[in-house]
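>>> requesting a structural model of the entry that follows:
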Amino acid sequence: MDTKEQASQPALQTLKEYAVITAAVLIMDIGIYVFKFPNNFSFGGVSGMAVVICRFLPFTASQINLFINLLLLLVGFAVLGRNFGVKTAYVTVLSSVLLNIFEKLFPMAHPITDEIMLELCFAIILPALAAALLFFENASGGGTDIIAMIIKKYSTMNISTALLVTDLIVVILAFLIFDTLTGLCSVLGLIAKTLLIDKTIERMKLNKFFTIISNNPQPICDFITKDLNHSATLYDAVGAYSDQQRTVILTVVDVKQAVYLQRFIHDTEPTAFIAITKSSEIIGKGFMSYI
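Numbering: from 1, shown residues only. Below is the predicted model of the structure:
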């Protein structure tokens, strides 16, 4: 029974991850279809390319978005190989399919309001929220992310800069094709989007450094090494007030694991002292490599 439960845990975890990813894609596509496409906002991404290109072809933005994403998907697998994640492929296909379903079920010829700035906010916030959820599950939005990954592979440019370059081209085209207001909104959207991506990536890299003072360190160490798959450093210490022997445990985990570790310590040793420090640069085995 225990073996079956252990075997089912990875499957349940994978199911949970893809449920979150699916919800994120749904949120992202609502932002794109309801707020971005009707207003011709072109602040980067494949959806921005689709908005620009559909002005010259007898196809809708959703159809062009599907074609470009499938093309990039094939290029991604061909160029990046194993480095091209299954989750990214899933996001790319699902997003394209959902946009076309939205188009069939809820055709939109005009924006839903006359407040362009309000719609711009939702066109930025909803995909940004989706991006945060995707990054949290180690996935990406596909599209121009694939282009950025390819640029990063063959140059020293980081992903944020590569995304900015590809998106900037789309924004310039928006200025040339649409009116000044749409172009300015696209610039504003690009700036806000870039800042949000940087914040999200920084959040992804965030780790938490734990200093734990414990009377019974073994259960905590077992949880860190076996459940969280990390290591820890131990040393003996003496309380200045109590003059009693204590064990100090030092360990570093990611943000999600930090929640699990805090709960475990609270359940097993509520009197343990815990000091937690945030850090986005932990260098060593299991974390960042030396430059």
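
>>> burial count for residue 175?
Residues lying near residue 175 (other C-beta atoms under 10 Å) number 15. (C-beta placed from N, C-alpha, C; glycine too.)

>>> quick check: closest non-adjacent residue to it.
residue 183 (3.7 Å; C-beta to C-beta, 6 or more residues apart in numbering).

>>> now do the host helix or strand of that neighbour: everything it contacts.
For residue 183, the host element (DSSP states H and E) is helix 180-204. Helix 180-204 is contacted from outside by 39-44, 48, 116-117, 120, 123-124, 127-128, 131-132, 135-136, 159-160, 163-164, 167-168, 170-171, 174-175, 178, 255, 280, using C-beta atoms under 8 Å, 6 or more residues apart in numbering.

>>> apply the buried test to these and list what passes.
Among the contacts of helix 180-204, those classed as buried by 16 or more other C-beta atoms under 10 Å are 39-44, 48, 120, 123-124, 127-128, 131-132, 135-136, 163-164, 167, 170-171, 174, 178.

>>> domain ranges for this protein?
The chain is divided into the following domains under automatic domain parsing: 2-204, 207-279.

>>> in TSV: the ones you listed, plus mean pLDDT.
Below are the domains of the chain laid out as TSV (pLDDT from 0 to 100):
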stretch	mean pLDDT
domain 2-204	81
domain 207-279	92
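
>>> mind listing what residue 123 touches?
Applying C-beta under 8 Å, 6+ apart, the residues contacting residue 123 are 31, 32, 35, 36, 39, 41, 189.

>>> of those residues, which belong to helices?
residue 189 (DSSP state H).

>>> so which of the contacts of residue 123 comes closest to residue 218?
The closest of the contacts of residue 123 to residue 218 turns out to be residue 31 (C-beta to C-beta; 48.7 Å).

>>> that older thread, deepest-packed of the domains of the chain, please.
Comparing the domains of the chain by mean neighbour count (mean count of other C-beta atoms under 10 Å), domain 2-204 comes out on top with a mean of 17.

>>> hang on, the earlier thing: contact partners of the following helix or strand past the helix holding residue 183?
On the C-terminal side of helix 180-204, the closest following helix or strand by DSSP H and E is strand 207-214. Applying C-beta under 8 Å, 6+ apart, the external contacts of strand 207-214 come out as 220, 237, 246-255, 258, 261, 265, 269, 272-280, 282, 287.

>>> chain center to strand 207-214, what's the gap?
From the chain centre to the centre of strand 207-214 is a distance of 26 Å (C-alpha atoms, centre = their mean, to the nearest Å).

>>> ok, that strand: who's next to it in the sheet?
The strands beside strand 207-214 in its sheet (DSSP bridges) come out as strand 245-254 (antiparallel), strand 273-279 (antiparallel).

>>> ok, now how distant is the residue lying farthest from the centre of the chain from residue 237?
Within the chain, residue 243 marks the point farthest from the mean C-alpha position, 47.2 Å out by C-alpha atoms, centre = their mean. Distance, residue 243 to residue 237, by C-beta to C-beta, to the nearest Å: 11 Å.

>>> name the SS class of residue 113, please.
Following DSSP: H, G, I helix; E, B strand; the rest coil, residue 113 is assigned to coil.

>>> host element of the closest residue to it other than its chain neighbours?
Leaving out its chain neighbours, the residue that sits closest to residue 113 by C-beta to C-beta, 6+ apart is residue 119, at 6.2 Å. In the assignment (DSSP H and E), residue 119 maps to helix 116-136.

>>> over to residue 110?
For residue 110, there is no helix or strand it lies in under DSSP H and E.

>>> was I right about it contacting residue 38?
Yes. Using C-beta atoms under 8 Å as the test, residue 110 is close enough to residue 38 to be in contact (6.0 Å).
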